[in-house]
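>>> got a structure for you, letters missing:
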């Protein structure tokens, strides 16, 4: 369900969205917590946008 909501944004997004999505996948597998993974993914997106 989350993929159907976020999927189109990932396709249209740039590198920051792609890296954030990848971070969410990795963090979900590591922690088992979707909430923690979403917060981590948001942090990655913000950090990449600050650099770019």
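All right, it came through fine. Worth saying up front: this structure is predicted, and the values here are computed from it rather than measured. Numbering: from 1, shown residues only.

>>> Show me where this structure dips below the pLDDT cut-off.
1 (pLDDT under 70).

>>> the helices in it, which residues?
Secondary structure of the chain by DSSP state H: the helices cover 2-12, 15-31, 34-51.

>>> Adding mean neighbour count, write those helices out as TSV.
Every residue, glycine included, has its C-beta placed from N, CA and C. What follows is the helices of the chain, written out as TSV (neighbours: other CB atoms under 10 Å):
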stretch	mean neighbour count
helix 2-12	10
helix 15-31	16
helix 34-51	14
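
>>> what sits up against stretch 39-50?
Stretch 39-50 has contacts (CB atoms under 8 Å, 6 or more residues apart in numbering) with 15-17, 19-21, 23-24, 27.

>>> repeat that with 10 Å
With contact meaning CB atoms under 10 Å, 6 or more residues apart in numbering, stretch 39-50 is reached by 6, 13-28, 30-31, 33.

>>> Stretch 5-21 too?
3, 22, 24, 38, 40-52.

>>> Mind doing that once more with 6 Å?
41, 44-45, 48-49 (CB atoms under 6 Å, 6 or more residues apart in numbering).

>>> Excluding covalently adjacent residues, which one is nearest to residue 36?
Nearest residue to residue 36, sequence neighbours excluded (CB to CB, 6 or more residues apart in numbering): residue 27, at 6.4 Å.
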